[in-house]
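[1] fold the following and give me the result.
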Amino acid sequence: MGHLDHATFGWLTPVLSYAMACTGAALGLRCTVRALGATGRSRRNWLLTAASAIGTGIWTMHFVAMLGFGVHGTDIRYDVPLTILSQLVAMIVVCAGVFAVGYGRDRGRVRALLIGGLTTGLGVASMHYLGMAAVRLHGDVTYDPVMVGLSVLIAVVAATAALWAALNIRSPAAVTVASLVMGAAVSSMHYTAMFAVHVRVTPSGEVLPGATAMQFIFPLAVGLGSYLFLTSAFVALSPTAGEREATASAQRPVGLAG
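    The predicted model follows:
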């Protein structure tokens, strides 16, 4: 068995990946709160932004953490199409879960929450294992089924908790706390899934197909991380529905206001 190292750069990649997960969760929750206070096209746009933020945060968290993944005795490469597919899966399933909550809550809050949490959690797990399927190395990769099942369970519970927070939490302070918890849950899911991995190294001089983490994943993670921070700034500066209503009320003539 090859010795696996999940933090070849020390605490840098775990801490940075956790920060990405928290940022995506915070932005997604804030956008969902805005969506639930909006209607029509505005609600749809806020939900799309929320889904892209959460999906981007989760995917970036996964692959920033993977920058620290190494196996003694073999190089590691990544299949580019599969890696991109894992990102698309993250976006699509998170979007489905967020929309299930955003539009389904009027017909049944609990039902919408359970459907959204299950869909999103399974999607997060699918994203992770698709990303792992993109790994190319000299050897065979196997998984501990118990740890795989536990990682999927954590993903579903974490997704359900995040969507519950989106439905029930309104204050910025509460959103911050919920985001920290969500980031910890996503990180726990990732490392639980990584502890399920076993590698039997087969030494070989053949050149592995695919791209190295620094050639492909690092630039993409930096780009998506920049998107998260820029979008966070936009949302922070965008007035809420209550602030817009207060501004309109203040601008109304006194006679009409009465």
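
[2] residues contacting the closest residue to residue 77 other than its chain neighbours?
    With sequence-adjacent residues excluded and distances taken as C-beta to C-beta, 6 or more residues apart in numbering, residue 77 is closest to residue 210, at 3.5 Å. Every C-beta, even on glycine, is put in place using the N, C-alpha and C of the backbone. By C-beta atoms under 8 Å, 6 or more residues apart in numbering, residue 210 lies in contact with 77-80, 134, 136.

[3] now the two most distant members of those.
    Using C-beta to C-beta, the pair of these lying farthest apart is 80 and 136, separated by 10.5 Å.

[4] which strands and helices sit next to the longest helix along the chain?
    Using DSSP state H, we find that the single longest helix of the chain is helix 40-66. Helices and strands touching helix 40-66, by 3 or more C-beta pairs under 8 Å, 6 or more residues apart in numbering; DSSP states H and E, are helix 12-36, helix 80-104, helix 109-133, helix 172-195, helix 218-237.

[5] hey, which of those is tucked in deepest?
    Most buried of the helices and strands packed on helix 40-66 by mean neighbour count (mean count of other C-beta atoms under 10 Å) is helix 12-36; its value is a mean of 24.

[6] and for the nearest residue to residue 143 once chain neighbours are set aside, the neighbour number?
    Distances taken as C-beta to C-beta, 6+ apart put residue 196 closest to residue 143, at 4.8 Å, once the chain neighbours are dropped. Per other C-beta atoms under 10 Å, the neighbour tally for residue 196 reads 19.

[7] any idea how far residue 196 lies from residue 232?
    Per C-beta to C-beta, to the nearest Å, residue 196 is found 32 Å from residue 232.

[8] quick one: residue 40 from residue 103, how far?
    Look at residue 40 and residue 103: by C-beta to C-beta, they are 12 Å apart.

[9] what of residue 206?
    Separation of residue 206 from residue 103 (C-beta to C-beta): 51 Å.

[10] kindly report the same for residue 24.
    Relative to residue 103, and taking C-beta to C-beta, residue 24 is found at 21 Å.

[11] next: residue 79.
    Applying C-beta to C-beta to residue 79 and residue 103 gives a distance of 35 Å.

[12] so who does residue 161 touch?
    By C-beta under 8 Å, 6+ apart, residue 161 lies in contact with 117, 181-182, 185.
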